[in-house]
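# below is the sequence, then the predicted model.
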2 protein chains.
Amino acid sequence: MTMINLDGFFKSAFTVDNVIFGFDEGDLKVLLIKRGEEPFEGQWGLPGYFVKENENLDQAAVRTLEELTGLRKVFLEQVATFGGVDRHPSGRVITVAYFSLIKINQYTIQPSSIAQHAEWVSIKDAKNLAFDHGDILKACFNRLKLLVRTRPVGFELLPPKFTLTELQHLYEAILETDLDKRNFRKKILSMNLLIDLDETQEGVAHRPARLYKFDKKKYDELLADGFSFELKESRRKIAEHLQN
Amino acid sequence: MTMINLDGFFKSAFTVDNVIFGFDEGDLKVLLIKRGEEPFEGQWGLPGYFVKENENLDQAAVRTLEELTGLRKVFLEQVATFGGVDRHPSGRVITVAYFSLIKINQYTIQPSSIAQHAEWVSIKDAKNLAFDHGDILKACFNRLKLLVRTRPVGFELLPPKFTLTELQHLYEAILETDLDKRNFRKKILSMNLLIDLDETQEGVAHRPARLYKFDKKKYDELLADGFSFELKESRRKIAEHLQN
DNA sequence: TCGAATTAGTGTAAACCTTACACACTGAAA
DNA sequence: TTTCAGTGTGTAAGGTTTACACTAATTCGA
């Protein structure tokens, strides 16, 4: 049997770039690296790693995420591949972008050298990134917006126990819009995907809110029955938004 | 300024694989290649091409699509990248999957060697593909299903003049469900995105249907105003579907 | 301990959208 | 002239989304 010989074809270095989202203090954040060397020294960039000869792309993404955050088994999904000829000044490097959602308070700084320069940056402040990382971040943020409306991934960003207000703020941060409190609660609660823990917040200087957790078991059951999680943004509010 | 030296890192060959959808005789089809050589000789595979040193991924996809179909300026979008270590028997080959939508009657067979073995295969019959092309096709089909509900891409698959029944059949083929004729028409026409051409079909052995064309100009205007094209599948029908 | 501050929690009516459903019309072919 | 095949049309019921404002619980400081 004759096989294709790959020697004659162009080969490129390739990396995975991780867009790691977290949510803290009502603000959606990304874990960025302050670059300590050229190119783009001093600028923010995404954590990126060369893929090894013997590992799959997904494996590389999982491995590097763990090296950086210490976390395993988090939400992680491939988004897109960026392969512009001139995207890397040192030569051709094709990068596969992954995005992940982590609970920011579970994040612990790791001993790896790159992690020393990692910082959570508000998505609003994540500008002027190195390479084409601005484009990559944008693609991942768009994907998150899309995903959050059709699958209950928001819970990946919240601590196990959360209040409805926190959940609403999360959605508002991701969708970049305001939501009506009563309608939001009605909608979320009507899905029966939250377990009311019969506990309340502690240490807040106001009426404490009830705590809920996400009922993953119930969701998996409903999924199997053809249920579709759908959380809509107000169309009117989108339209208003676009006018600004 | 010190730069990273890429020589030390593993490099891989890169291809683009094209999932080219067409619609004909009420049936959604994919353009596949009957493989004339090992590996997977005799099986169907996606048209795939190595990416060149000096071209971007999108350029490679556009170029190869034209080489195969003779068509330029068609709908083309990157879907996902497949980089399993063992996906290609000859060595590491990472492939970036693109999907495109073409008007099947504009397709003309090209002189390229690969095009000689190209055939339109109904999506239902596209099984047992070479490599991981089955997974790739599935990913692209899922993306098409998603896209068709939120953007008016269906028209890319139809001839410039079409009947409402043809449009409905197209949606039914993509969404793999039945739609109610009256409700479908009501919904589509209420968007005001179709121009009634005041012409009718010819050469059919029954009452001829009116012909319409897609009003792209209007759509672009509406888009700018925050309009969102949204065509929903009946939830009940989805649920029924899942039970089968 | 009282009042102010802060955030939590709740219901309804109107508008809008989606669904289910059946029959008369047109033109070609026999 | 009848049959065949597919086109084209309306409505009522049910469900979803929207807009909107006040009372409840707790801490803090005076």
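Right, received. Where do you want to start?

# I'd like the distance from the longest strand seen in chain A to the chain centre, please.
Identified as the longest strand of chain A according to DSSP state E is strand A:11-24. Taking C-alpha atoms, centre = their mean, to the nearest Å, the mean C-alpha location of strand A:11-24 is offset from the chain mean by 10 Å.

# okay, now A:Lys11: neighbour count?
Applying other C-beta atoms under 10 Å in any protein chain shown, we find 20 residues neighbouring A:Lys11. Where you see a C-beta, it was placed from the backbone N, CA and C, and this is true even at glycine.

# check contacts around the closest residue to it other than its chain neighbours.
Nearest-residue entry for A:Lys11: B:Lys11, 3.9 Å, with adjacent residues in sequence omitted and distances by C-beta to C-beta, 6 or more residues apart in numbering or on different chains. The contact partners of B:Lys11, taken as C-beta atoms under 8 Å, 6 or more residues apart in numbering or on different chains, are A:11-14.

# what is the orientation angle of the longest strand of chain A with strand B:11-24?
Orientation check (axes from the mean of the first three to the mean of the last three C-alpha atoms, to 10 degrees): strand A:11-24 against strand B:11-24 gives 80 degrees.

# pLDDT averaged over strand A:11-24 - what is it?
Mean per-residue pLDDT for strand A:11-24: 97.

# give me the mean pLDDT for the lengthiest helix in chain A.
Among the segments of chain A that qualify as a helix by DSSP state H, the longest is helix A:133-150. Model confidence over helix A:133-150 averages 97 on the pLDDT scale.

# how far is that helix from where the chain is centred?
Here helix A:133-150 shows a centroid-to-chain-centroid distance of 8 Å under the convention C-alpha atoms, centre = their mean.

# that helix: what's the following helix or strand?
On the C-terminal side of helix A:133-150, the nearest following helix or strand under DSSP states H and E is helix A:164-175.

# on the three-state scheme, whichever residue of chain A sits closest to DNA strand D is what?
Nearest residue of chain A to DNA strand D: A:Arg207, at 2.8 Å (C-beta to the nearest atom of the strand). Three-state call for A:Arg207 (DSSP: H, G, I helix; E, B strand; the rest coil): coil.

# how about A:Leu31?
A:Leu31 falls in the strand class when you classify it by three-state DSSP.

# the nearest residue in space to it that is not next to it in sequence: what's it in contact with?
With sequence-adjacent residues excluded and distances taken as C-beta to C-beta, 6+ apart, A:Leu31 is closest to A:Ile20, at 4.1 Å. Listed by C-beta under 8 Å, 6+ apart, the contact set of A:Ile20 reads A:30-31, A:47, A:65, A:68-69, A:99-100, A:102.

# beta partners of A:Ile20?
Beta-bridge pairing of A:Ile20, defined through DSSP bridges, involves A:Ser100.

# distance of it relative to A:Ala126?
For A:Ile20, the distance to A:Ala126 (C-beta to C-beta, to the nearest Å) stands at 12 Å.

# overlap in contacts, those two.
Common contacts of A:Ile20 and A:Ala126, defined by C-beta under 8 Å, 6+ apart, comprise A:Val30.

# can you pull the pLDDT of the residue of chain A closest to DNA strand D?
The per-residue pLDDT of A:Arg207 was computed as 96.

# go on, A:Asn183?
Turning to A:Asn183, the model gives it a pLDDT of 97.

# burial count for it?
So A:Asn183, with other C-beta under 10 Å, has 10 neighbours.

# do you know how far it is from DNA strand C?
Here A:Asn183 is placed at a distance of 6 Å from DNA strand C (C-beta to the nearest atom of the strand, to the nearest Å).

# that residue: helix or strand, and which one exactly?
Element membership for A:Asn183, per DSSP H and E: helix A:181-190.

# using CSV, write out every CA atom in that helix.
Coordinates of the C-alpha atoms in helix A:181-190 are reproduced here as CSV (Å, rounded to 0.1, in the frame of the first residue of the first chain):
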residue,chain,number,x,y,z
LYS,A,181,-34.9,41.6,37.9
ARG,A,182,-38.4,40.2,38.1
ASN,A,183,-38.4,38.7,34.6
PHE,A,184,-35.0,37.2,35.0
ARG,A,185,-36.0,35.4,38.2
LYS,A,186,-39.3,34.3,36.8
LYS,A,187,-37.5,32.8,33.8
ILE,A,188,-34.7,31.2,35.6
LEU,A,189,-36.8,29.7,38.4
SER,A,190,-39.4,28.4,35.9
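
# the helix or strand that it is followed by near DNA strand D at all?
From helix A:181-190 onward toward the C-terminus, using DSSP H and E, the following helix or strand is strand A:194-200. Yes - interface with DNA strand D: strand A:194-200 contributes A:Thr200 (C-beta under 7 Å from any atom of the strand).

# any chance you could list what contacts strand A:194-200?
The set of residues that contact strand A:194-200 without belonging to it, under C-beta under 8 Å, 6+ apart, is A:161, A:188, A:208-215.

# cool, stretch A:54-74 as well?
When contacts are defined by C-beta under 8 Å, 6+ apart, stretch A:54-74 is touched by residues A:16, A:18, A:20, A:31, A:47, A:49, A:51-52, A:76, A:78, A:96, A:98, A:100-102, A:106-108, A:110, A:112, A:114-115, A:118, A:156, B:81-85, B:94.

# list the buried residues of that stretch.
Within stretch A:54-74, the residues scored as buried using 16 or more other C-beta atoms under 10 Å in any protein chain shown are A:55-65, A:68-71, A:74.
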